[in-house]
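Engineer: predicted model and sequence below, questions to follow.
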Amino acid sequence: MPVATAPRLGFLGVGWIGRSRLEAIERAGAGTVAAIADPAVDGALQTCEELLAHDIDAVVIATPSALHAEQAIAALERGLPVFVQKPVARTAAEVRAVVAAAERADVPLGVDLSYRHADAFVEAREQVRSNALGDVFAADLVFHNAYGPDKPWFRDPALSGGGCLIDLGVHLVDLAVWTLDLDPRDVRSRLRGEPVETWATAELDHVRIACSWDLHAGQDAVIAATFHGTEASVRVANVGGSFYDLRCELMRRTSREVLVEPPDAWPGRAAVSWARRVASGAGFDEGEGAELVRVAEIVDRIYGR
């Protein structure tokens, strides 16, 4: 059923990502903050159970990855829509359990695979899907950071589920699935680092991905996705090392045409879109759920598990 006003949201975790999603939803008027649970915040609730006991319409989860599945399922079993920070969970088995709970509840399950909502990647996908490139025979996607995460739990595999692959590479796998409908038969990978990988590469049929933490990049980040077709290629790349400024170009032999230039205020759009679906009374999206499971299964195969 549609929510009469902007949905009353409970926020689990308000570190910088959780707070930025909270602020994006508030700015858009897509939801109101009804409760916050974060043991690091004075005056906030301490646990998921306390949050779920409040009068809320939906839950936004931005806690360590090891908590995602348990907290999401607890909310979904109460019939509450959930928006969860990526990755949905640590393994494909956990992701399948979350997706199944959302399907049973028939409520929107949103995931912060945020690059899907950037204009540059939306345009690249349209070029592929409209057959403007002809037959796409190869793709290369990279996401490198000049530093690693600043929270110790990211480097504990029991808490994170992995290293740079599940942190950064999940975006690349998701973009390949979303853009190309990728469902690879052949997966080959190399990972390096202990106790979690800080560098990873994989070949997924005709798609290559690479990601890393602590790269000597000469800038904050290197983000790019290039799709090569028989008629043209399309490339999205970050500008000046930015995590947010993205350019999309269409290339034919030696010529190139800029299709999308920054600025583009896309961070937070995934959360806003989900909150609006909650307000509209939308149910579970079976196609999106299947894609989340496929992404998780590919990540598991890259890890060899």
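Structural biologist: Received, thanks.
Engineer: C-alpha from now on. contacts and neighbour counts both.
Structural biologist: Noted.
Engineer: phi, psi of the residue nearest the centre of the chain?
Structural biologist: Geometric centre of the chain, nearest residue: residue 113, 1.8 Å, by CA atoms, centre = their mean. Backbone torsions of residue 113, given as degrees, to the nearest 10, read phi -90, psi 70.
Engineer: ok, now which ones touch it?
Structural biologist: 85, 86, 171, 174, 270 (CA atoms under 8 Å, 6 or more residues apart in numbering).
Engineer: cool, residue 111 as well?
Structural biologist: Counting by CA under 8 Å, 6+ apart, residue 111 touches 83, 84, 85, 86, 87, 88, 270, 271.
Engineer: quick check: closest non-adjacent residue to it.
Structural biologist: Nearest non-adjacent residue to residue 111, counting by CA to CA, 6 or more residues apart in numbering: residue 84, 4.9 Å away.
Engineer: again, but for residue 162
Structural biologist: residue 196 is the one closest to residue 162 (CA to CA, 6+ apart), at 5.5 Å.
Engineer: that neighbour and residue 159 touch, don't they?
Structural biologist: No. Using CA atoms under 8 Å, residue 196 is not in contact with residue 159; the gap is 10.9 Å.
Engineer: which of these two has more neighbours?
Structural biologist: Neighbour tally, residue 196 and residue 159, criterion other CA atoms under 10 Å: the higher count belongs to residue 196, 19 against 15.
Engineer: measure the more buried one to residue 9 for me?
Structural biologist: 34 Å (CA to CA, to the nearest Å).
Engineer: and what of residue 18?
Structural biologist: Counting by CA to CA, the gap from residue 18 to residue 9 is 12 Å.
Engineer: overlap in contacts of the two?
Structural biologist: Shared contacts of residue 18 and residue 9, defined by CA under 8 Å, 6+ apart, comprise residue 60.
Engineer: higher neighbour count, these two?
Structural biologist: Legend: neighbour count by other CA under 10 Å for residue 18 and residue 9, higher for residue 9 (27 against 19).
Engineer: list the contacts for that one?
Structural biologist: Listed by CA under 8 Å, 6+ apart, the contact set of residue 9 reads 31, 32, 33, 34, 35, 56, 57, 58, 59, 60.
Engineer: between those, which has the most around it?
Structural biologist: Greatest neighbour count in the contacts of residue 9, by other CA under 10 Å, goes to residue 59: 29 neighbours.
Engineer: next, count neighbours for residue 185.
Structural biologist: Neighbour count for residue 185, taken as other CA under 10 Å: 8.
Engineer: distance of the nearest residue to it once chain neighbours are set aside relative to residue 130?
Structural biologist: Leaving out its chain neighbours, the residue that sits closest to residue 185 by CA to CA, 6+ apart is residue 205, at 6.5 Å. Per CA to CA, residue 205 is found 22 Å from residue 130.
Engineer: good, wrapping up.
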